[in-house]
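Peer 1: Quick one: sequence and predicted model below, then my questions.
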Amino acid sequence: MYRYDVIDKEFVADRTAEFREQVNRRLAGEITEDQFKPIRLLNGLYLQLHAYMLRIAIPYGTLTSKKLRKLAWIAQTYDKGYGHFTTRTNLQLHWIKLKDAPEILEHLAEVEMHSMQTSGNTIRNVTADPYAGATSDELDDPRVWAEAIRQWSTLHPEFSFLPRKFKIAVTASAKDRTAAKIYDIGLAMRRGRGGELGFEVMVGGGLGRTPYLGPTIREFLPVRHLLSYLEAILRVYNRHGRRDNIWKARIKVLVASLGPEEFARQVEDEWAKSDHAHADLPDTELARIRADFTPRFETLPARSEALEAAKASDPAFARWLRRNVHPHKVPGYAIVDVSLKTPGETPGDITSTQMDVVADLGERHSLDEIRVNYQQNLLLPHVKLDDLPTVYRALADAGLATPNMDLVSDIIACPGLDYCALANARAIPVAQQIATRFADPERAEAIGELKIKISGCINACGHHHVGHIGILGVDKKGEEFYQVTLGGSGAEDATLGQILGPALPADKVSEAVEQMVEVYMRERRDGERFLDTFRRTGVTPFKEAVYADAH
């Protein structure tokens with residue numbers, strides 16, 4: 001991954017020192033909370049229900065063992081001994097004291113990390129395919145381009161005060177593991193007729209109060225023009241984005257109001273006027289960045305006898321292999337998903353002790369790389385087949401080997417009303433109740449792929465709009481209710497979910513999921529996922545089952 005140079009180190013150090021001065025002024029009462037708020041947000045520090053929350057950037061979801069160990073140490077030293085991974089591949093610490101924030105940033109800088117632009121009306125942390133550099137179905141390593149965007153966008157003078165927050169995702173595979181269509185800009189790598197690499201450019205996706213899937217405004221953009229084209233998009237947005245209404249300020253509203261065709265026309269006009277050579281990445285700089293994303297693999301046999309023997313003798317290990325281990329592009333290696341979704345626990349939470357375990361495994365068995373995905377899990381991208389039994393035992397001992405990737409208990413959930421001042425309802429207890437109900441691994445595997453996503457408010461940090469089953473917390477006269485949607489998808493077949501019916505009280509949600517699963521198991525045909533069955537049958541049989549008592 002990218003390593004800081006002297007300029008990076010000086011820049012981050014200066015920024016941290018500046019923030020320390022502002023924190024000291026706030027603690028001394030020299031500035032008010034209203035004056036301090038924009039300063040802290042630009043440094044990723046939020047004030048939530050009970051304490052300050054620090055959101056730490058993990059660019060394109062890639063960590064080294066050294067970085068993860070530092071996060072573990074910070075969580076243990078300055079928080080309550082755990083952290084929370086989000087759908088944006090950031091790590092959040094929810095119990096920070098204001099006086100400690102500058103010191104934490106200094107510790108992060110020691111391992112080339114920061115929290116800049118994890119909040120505010122700016123270009124946020126860029127996300128990429130968590131399988132980048134490990135999967136055979138990619139056209140290129142998308143992290144190379146995500147890193148180029150990160151360097152270009154960090155404190156960009158023209159785009160540091162946008163109408164609203166702005167998010168970019170990059171994928172280079174036909175299978176979308178980033179949910180690119182729900183981003184402000186989604187970049188999907190394509191190969192042109194002559195073999196040239198380029199990006200399909202999607203603009204105007206986003207969830208929240210008014211959900212949209214990003215329409216394609218350019219079918220093919222040569223990769224060499226990526227940064228100049230992004231500048232053109234941001235300039236059109238900066239020019240026309242609504243700054244008078246926070247609910248209409250996102251680029252998705254601008255694209256929808258202008259229409260994708262007119263928005264694309266204005267971007268093309270702006271791009272035609274721009275100095276491409278000034279904005280685009282020189283080949284020498286691209287080569288410098290790419291050199292940081294070239295791991296050295298060993299030449300290994302494609303089959304591991306040790307692995308096969310362990311699989312034959314241990315059914316639990318065999319189930320974990322089926323659910324959490326995936327093919328690698330290099331023979332003799334595998335991609336290992338690390339579940340942070342043990343039934344009954346908080347989705348995305350990880351203790352400092354568990355972070356240390358994963359850091360050790362990444363260092364010893366995954367070429368010193370750990371990844372974060374938007375499903376709030378971790379993964380080890382480069383594990384030798386021979387090492388899989390050892391990795392499994394270590395993960396199992398740490399409570400990190402639940403074999404549930406993409407199954408019913410692999411639930412996405414935002415922190416909700418347990419932490420967030422914006423939330424209307426709790427998300428964590430609902431996720432825990434559902435996961436516990438489906439804790440039996442044999443039953444979960446029989447049900448198959450079923451993606452449940454839960455948000456505690458309309459801001460949709462839990463991606464409920466694109467869940468196969470989406471659950472949204474709402475407030476009804478001071479009581480927590482939950483609106484259910486069905487048929488959403490955040491993958492390459494992206495779809496917004498359809499509302500099932502009236503919102504349900506909290507104690508009826510897990511039962512409703514049970515009823516919908518029963519309908520699916522009854523109605524499905526050979527090989528169908530829950531999503532396939534819903535698309536074929538429509539909402540009616542599910543609605544009838546959930547609301548049967550109301551008739």
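Peer 2: That came in fine, so what should we check first? Numbering: from 1, shown residues only.
Peer 1: contacting residues for residue 105?
Peer 2: By Cβ atoms under 8 Å, 6 or more residues apart in numbering, residue 105 lies in contact with 16, 19, 20, 43, 114, 115. Backbone N, C-alpha and C define where each C-beta goes, glycine included.
Peer 1: which SS class is the third one?
Peer 2: Pointing back at residue 20 there. Classification of residue 20 using DSSP: H, G, I helix; E, B strand; the rest coil returns helix.
Peer 1: wait, it sits on residue 102?
Peer 2: Yes: applying Cβ atoms under 8 Å, one finds residue 20 in contact with residue 102, separated by 3.6 Å.
Peer 1: Looking at those two, which has the bigger crowd around it?
Peer 2: residue 102 (20 against 15; other Cβ atoms under 10 Å).
Peer 1: Just the CA trace of the helix or strand where the more buried one lies, in PDB.
Peer 2: Element membership for residue 102, per DSSP states H and E: helix 101-110. Taking C-alpha atoms only, helix 101-110 is exported to PDB below (Å, rounded to 0.1, in the frame of the first residue of the first chain):
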ATOM      1  CA  ALA A 101      -8.300  13.700  20.600                       C
ATOM      2  CA  PRO A 102      -5.100  15.500  19.500                       C
ATOM      3  CA  GLU A 103      -2.900  12.900  21.200                       C
ATOM      4  CA  ILE A 104      -4.800  10.100  19.400                       C
ATOM      5  CA  LEU A 105      -4.200  11.900  16.100                       C
ATOM      6  CA  GLU A 106      -0.500  12.000  16.900                       C
ATOM      7  CA  HIS A 107      -0.400   8.300  17.600                       C
ATOM      8  CA  LEU A 108      -2.300   7.700  14.300                       C
ATOM      9  CA  ALA A 109       0.300   9.800  12.400                       C
ATOM     10  CA  GLU A 110       3.100   7.500  13.800                       C
END
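Peer 1: Pull out the buried residues from that helix.
Peer 2: 101, 102, 103, 104, 105, 107, 108, 109 (16 or more other Cβ atoms under 10 Å).
Peer 1: ok, now which ones touch residue 96?
Peer 2: Residue 96 makes contact with 45, 51, 52, 53, 54, 78, 79, 104 under the criterion Cβ under 8 Å, 6+ apart.
Peer 1: Most neighbours among those, please name it.
Peer 2: Highest neighbour count within those: residue 54, with 28 neighbours (other Cβ under 10 Å).
Peer 1: any idea which element that residue lies in?
Peer 2: strand 52-56.
Peer 1: With just CA atoms, put that strand into CSV.
Peer 2: Extracted in CSV, the C-alpha atoms of strand 52-56 (Å, rounded to 0.1, in the frame of the first residue of the first chain):
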residue,chain,number,x,y,z
TYR,A,52,-17.2,12.3,21.3
MET,A,53,-16.7,9.8,18.5
LEU,A,54,-13.6,9.8,16.3
ARG,A,55,-13.9,8.4,12.8
ILE,A,56,-10.5,7.2,11.5
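Peer 1: neighbouring contacts of the following helix or strand past that strand?
Peer 2: Where DSSP H and E defines the elements, the next helix or strand beyond strand 52-56 is strand 62-63. Strand 62-63 is touched from outside by 1, 71, 132, 143, 362, 369, 370, 371, 372, with contacts defined as Cβ under 8 Å, 6+ apart.
Peer 1: Kindly provide the whole-number mean pLDDT of strand 62-63.
Peer 2: The pLDDT scores in strand 62-63 average 98.
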